[in-house]
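In: I'll drop the sequence and a predicted model, then ask my questions.
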Protein chains: 2
Amino acid sequence: MRERSPLTVPRTAPRRCTLSVDVALLSPHGKGLTVLLTRAADLRAKERWELPWESPRAEEALDDCAARIARARLGTAPAWMEQISAFGDRKRHIGGAEVSVGFVGLVAAGVPAPVGGDDAWFGVDQLPLISPRQREIADSAVQAVRARLDQSPVAFRLLPATFTLSQLQEIYELLIGRRLHKASFRRALHAAWLVEPTDEWRSEGRGRPAQLFRYAPKKRRGGRRGVRFELLG
Amino acid sequence: MRERSPLTVPRTAPRRCTLSVDVALLSPHGKGLTVLLTRAADLRAKERWELPWESPRAEEALDDCAARIARARLGTAPAWMEQISAFGDRKRHIGGAEVSVGFVGLVAAGVPAPVGGDDAWFGVDQLPLISPRQREIADSAVQAVRARLDQSPVAFRLLPATFTLSQLQEIYELLIGRRLHKASFRRALHAAWLVEPTDEWRSEGRGRPAQLFRYAPKKRRGGRRGVRFELLG
DNA sequence: GACATTAGTAACAAATTGTGAATAATTCGC
DNA sequence: GCGAATTATTCACAATTTGTTACTAATGTC
């Protein structure tokens, strides 16, 4: 039936490749983002630090594997996590994996990594030496968050159930990596029907008290467009 | 030094997993998109058709593997190709791969699949039965193209070096999946400095001849925003 | 009470987008 | 040749969105 080139391997049995799942956990710290690194387990490796990684177990889904890796470091699930992509160029992975599937997770500020003293948060612009493959994953992680930011309510996951609009704006500024204009930000937020006010107010030291809001997305009326927070000057 | 849970496998050797690279080749046909399927090689499989797939060879990068798979079907490289993501949920893959890395490729209209008679183009809304994993990849492929459309000059790859603006608009409409307004489309195109006119004109049967343009992106002046073709009504 | 500080809004200019219609250059039918 | 049909290109203007400044409000500090 099928004419098959003699060079083509029959495709009934996929080859086995060494596979890792690597997780870049990002967390706000001050005005910037930090990423969680762990002391390298392989003492022969040139690098002293690595992104947390494991191989998926038999029958384990990639998402579940990433969640397990994150939980092992944090003791709890990250506020949000998503796959970045598969990395299978020839860049070296610290564990020698031929292919690595990268994930980004977001962790609310101030959650310390509780497991042992081998984990530390590094500013995304001040990473120590890590293997080239993991470096690429870490860099892609920040871009991935920014790309998803106006599609999915990522930012709200980093805040408590009720929050002030200033807090929300700070989170967005941190994730996008630049300042936003207050009036525009609020107008866009209002237009997108993402939040609703509660009747509580919080006063934090000086200045006028701020109203607390909660995340309460309304169904998009008439298929209106989403809000592109990235563009708000 | 490191306290290690007895449950944790030492992470110096990633496990081997069965891995496939699956390619969804998309091509315009009439007013819609079609995807290339191949007759299933595994005659025991429930499905008669499959997306072209292979396993990466030793040392082969994922991108290169995808390119090889595409070339084997088309005889030539697709106009554009990009990774979608890794698929490693428990959905069944026709080859039984634990993890599949999906790619989308775009192929100019009218390029037939030259290798044998075992390949066929199916409308993306009229796919025959394929394995659940591949079905997910095929569906993601269309979304991936749409998502990249206003970031990267995908559409130009499906046209010859010079083209009319009506041709270009048709491609965009096809990829986005809905009609665009003529004047808005041209205005946005102009604002983005993506094309420049040649001094040639083409008359195709009836109607006024159209000026030919070429793809000639100018450097973005002052960091202007890209054009969101998806939004043009 | 004057003032610094933070929150929330109003108002208006500037830019972008949505839309219909005018104008241009061709072929086709007669 | 002439008018209708067809396709291309541009214009014009309304509607909406965005950028910005400034104003009002409520609080703590001195």
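Out: Done, it's in. Numbering: from 1, shown residues only, chains lettered A, B, ... in the order given.
In: and the strands in chain A, which stretches?
Out: Using DSSP state E, the strands of chain A run over residues A:16-29, A:32-39, A:49-50, A:53-54, A:80-87, A:99-106, A:119-123, A:162-164, A:195-202, A:210-215.
In: turn these into TSV, including mean pLDDT.
Out: Rendered in TSV, the data for those read as follows (pLDDT from 0 to 100):
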stretch	mean pLDDT
strand A:16-29	96
strand A:32-39	95
strand A:49-50	96
strand A:53-54	97
strand A:80-87	98
strand A:99-106	98
strand A:119-123	95
strand A:162-164	96
strand A:195-202	93
strand A:210-215	96
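In: okay, the ones you listed, which one's buried deepest?
Out: strand A:99-106 (a mean of 26; mean count of other CB atoms under 10 Å in any protein chain shown). For every residue, glycine as well, the C-beta is placed using N, CA and C.
In: give me every residue in chain A lying close to DNA strand C.
Out: A:164-166, A:182-183, A:186, A:204, A:206-211 (CB under 7 Å from any atom of the strand).
In: tell me the least confident of these?
Out: Scanning the residues of chain A next to DNA strand C for pLDDT, the low point is A:Glu204. It has 79.
In: now for that one: which residues touch it?
Out: A:Ala210 (CB atoms under 8 Å, 6 or more residues apart in numbering or on different chains).
In: distance of it relative to A:Glu196?
Out: The gap separating A:Glu204 from A:Glu196 is 21 Å, by CB to CB, to the nearest Å.
In: repeat for A:Asp139
Out: Distance from A:Asp139 to A:Glu196, by CB to CB: 37 Å.
In: and the residue of chain A that's closest to DNA strand D?
Out: Among all residues of chain A, A:Arg208 sits closest to DNA strand D, at 3.2 Å; criterion: CB to the nearest atom of the strand.
In: can you give me phi and psi for that residue?
Out: With angles defined as degrees, to the nearest 10, A:Arg208 sits at phi -60, psi 140.
In: wait, what's in contact with it?
Out: Contacts of A:Arg208 (CB under 8 Å, 6+ apart): none.
In: cutoff 10 Å now
Out: A:Arg208 sits next to A:Trp201 when contact means CB atoms under 10 Å, 6 or more residues apart in numbering or on different chains.
In: leaving out sequence neighbours, find the closest residue to A:Arg57.
Out: Leaving out its chain neighbours, the residue that sits closest to A:Arg57 by CB to CB, 6 or more residues apart in numbering or on different chains is A:Cys65, at 7.2 Å.
In: cool, and A:Lys46?
Out: A:Lys46 sits nearest to A:Leu129 (CB to CB, 6+ apart), 7.4 Å away.
In: and that neighbour, how many neighbours?
Out: Neighbour count for A:Leu129, taken as other CB atoms under 10 Å in any protein chain shown: 11.
In: state which one residue of chain A is found closest to DNA strand C.
Out: For chain A, CB to the nearest atom of the strand, closest residue to DNA strand C: A:Gly207, 2.2 Å.
In: I am finished for the moment; much appreciated.
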